[in-house]
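Enquirer: the sequence and its predicted three-dimensional model are supplied below.
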Amino acid sequence: MIRLEGIETFIAAAEQGSLSEAARALNLSRSVVSERLSELEREIGARLIQRTTRRMTLTEDGLAFLPRARRIAREVSEAAAELAQRRGQLVGSLRISGPVSFGYLHLGPALYPFLQQHPGIELTLDLDDRFVDVEADGYDAVIRHGPIRDSWLIAIGLAPSRRMLVASPAYLEANGTPRTIAELEQHRAILYTNRIADWRFDGPDGSVNLHPRHALRVNNGLIMRDAAVAGMGLTMLPSFMIHAEVKAGTLRVVDVGAEPERAEIHLAYPKAQQPSAMLRAFIDYLRHAFGSPPYWDIS
């Protein structure tokens with residue numbers, strides 16, 4: 001009979017990339033992890049993991065078994081959570097991915113009281129700006145800033161997001177303040193490398209795209225913000241990242257006669273996956289915590 005603990009150990013080993021890291025994640029000894037994996041392989045009659053002294057890789061059978069193992073573990077967790085819900089409790093594991101800057105500034109602080117209210121929830125939060133594969137990477141849901149174009153995902157809006165074109169007072173005094181989109185072409189820009197670098201504006205004649213000349217390209221919004229404060233150039237960032245700096249005057253909003261394209265902060269989960277009671281409670285809590293309009297847009 002296949003034991004659930006063996007399946008959970010296999011999932012941890014696959015996600016952590018080594019037996020030692022899996023043991024640390026599960027709070028077990030490495031020998032126990034190795035023993036559980038060997039037992040699982042005997043039970044299903046296939047080698048799942050190729051072990052060497054330096055590395056661990058999944059075999060073809062292991063790669064084929066991993067998504068099924070995740071579904072089994074998820075269904076067991078959801079069944080336990082459903083029974084707990086009948087007793088008025090939220091219990092079980094919840095794995096979420098979110099963007100780095102938003103996670104650090106707003107998502108993390110919102111989570112602490114939520115977890116205090118529901119001590120039976122075991123939450124794993126992975127902060128990553130890349131577009132992770134919700135199901136393949138084993139997440140219950142992902143939080144993204146911007147449109148959700150994957151047809152197999154259900155997107156739930158958490159909060160609107162307003163982009164702002166900003167620069168430091170020192171930069172504007174030294175280089176002049178642009179008044180039109182065309183004038184932006186003469187200025188240095190701080191751009192984000194993980195997305196298309198175009199600046200998009202909604203003008204009176206429709207959408208306008210500008211590919212600015214960059215002074216700095218970086219894959220982290222907080223560094224973009226700090227570079228703008230340091231006078232490196234203009235940058236376009238969501239208000240949730242710069243509201244404090246704009247209020248303090250270390251960044252100024254630049255008006256070029258057109259509004260930067262708006263976005264929204266979404267939570268997305270697979271259509272084939274019925275959202276658990278925990279996930280529904282998580283969504284409701286975040287919507288309430290961020291507010292409408294969100295607190296970072298309230299002066």
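Expert: Cool, the structure landed.

Enquirer: and the closest residue to residue 235 other than its chain neighbours, what are its bridge partners?
Expert: Excluding the flanking residues, the one nearest residue 235 by C-beta to C-beta, 6 or more residues apart in numbering is residue 190, at 3.9 Å. C-beta: built from backbone N, CA, C; applies to glycine. When assigned by DSSP bridges, residue 190 has beta-bridge partners residue 216, residue 235.

Enquirer: what's the distance between residue 190 and residue 297?
Expert: Remark: distance between residue 190 and residue 297 (C-beta to C-beta, to the nearest Å) = 22 Å.

Enquirer: so between those two, which is more surrounded?
Expert: Neighbours were counted for residue 190 and for residue 297 using other C-beta atoms under 10 Å; residue 190 has more, 25 against 17.

Enquirer: re earlier: the residue nearest to residue 235 against residue 226, yeah?
Expert: No. Using C-beta atoms under 8 Å, residue 190 is not in contact with residue 226; the gap is 9.6 Å.

Enquirer: okay, now the unreliable bits of the stretch 51-200 of the chain?
Expert: Judged by pLDDT under 70, the stretch 51-200 of the chain has its weakly predicted residues at 53-54, 81-89, 195-197.

Enquirer: the strands in it, which residues?
Expert: Under the criterion DSSP state E, counting those that start in this stretch, strands of the stretch 51-200 of the chain are mapped to 56-58, 92-98, 121-127, 141-145, 153-161, 163-167, 188-192, 199-203.

Enquirer: which among those strands is found nearest to residue 272?
Expert: Nearest to residue 272, of all the strands of the stretch 51-200 of the chain, is strand 153-161, at 9.7 Å by C-beta to C-beta.

Enquirer: buried residues in that closest one?
Expert: Neighbour-count burial for strand 153-161, with 16 or more other C-beta atoms under 10 Å as criterion, is recorded at 153-156, 158-161.

Enquirer: strands paired with it, and their directions?
Expert: In the sheet, strand 153-161 lines up with strand 263-270 (antiparallel) (DSSP bridges).

Enquirer: name the residues of the helix or strand following the strand it pairs with that are buried.
Expert: Following strand 263-270 in sequence order, the next helix or strand is helix 277-290 (DSSP states H and E). Residues of helix 277-290 classed as buried by neighbour count (16+ other C-beta under 10 Å): 277-279, 281-283, 285-287, 289-290.

Enquirer: tell me where this structure has helices.
Expert: With DSSP state H as the criterion, the chain has helices at 4-16, 19-26, 30-44, 60-86, 100-102, 108-117, 169-175, 221-229, 239-248, 277-290.

Enquirer: which segments of this structure make up each domain?
Expert: 4-64, 90-160+264-297, 163-261 (automatic domain parsing).

Enquirer: switch the ones you listed over to a markdown table; also include distance to residue 74.
Expert: Formatted as a markdown table, those follow (distance: least, C-beta to C-beta, whole Å):
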| stretch | distance to residue 74 |
| --- | --- |
| domain 4-64 | 10 |
| domain 90-160+264-297 | 8 |
| domain 163-261 | 28 |
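
Enquirer: residue 72 is nearest to which of those domains?
Expert: In terms of C-beta to C-beta, the element of the domains of the chain nearest to residue 72 is domain 4-64, at 5.7 Å.

Enquirer: ok, now which ones touch residue 208?
Expert: For residue 208, the contacting residues are 181, 200-202, 258, by C-beta atoms under 8 Å, 6 or more residues apart in numbering.

Enquirer: try 10 Å this time
Expert: 181-182, 198-202, 256, 258, 261 (C-beta atoms under 10 Å, 6 or more residues apart in numbering).

Enquirer: what of residue 127?
Expert: 96-104, 107-108, 143.

Enquirer: out of those, who's nearest residue 56?
Expert: For those, the nearest to residue 56 is residue 97 (23.0 Å; C-beta to C-beta).

Enquirer: the closest one and residue 135, how far apart?
Expert: Counting by C-beta to C-beta, the gap from residue 97 to residue 135 is 12 Å.

Enquirer: over to residue 152?
Expert: Here residue 152 is placed at a distance of 8 Å from residue 135 (C-beta to C-beta).

Enquirer: over to residue 229?
Expert: Distance from residue 229 to residue 135, by C-beta to C-beta: 39 Å.

Enquirer: residue 67 reaches residue 135, doesn't it?
Expert: Yes. Counting by C-beta atoms under 10 Å, residue 67 does reach residue 135; the two are 7.4 Å apart.
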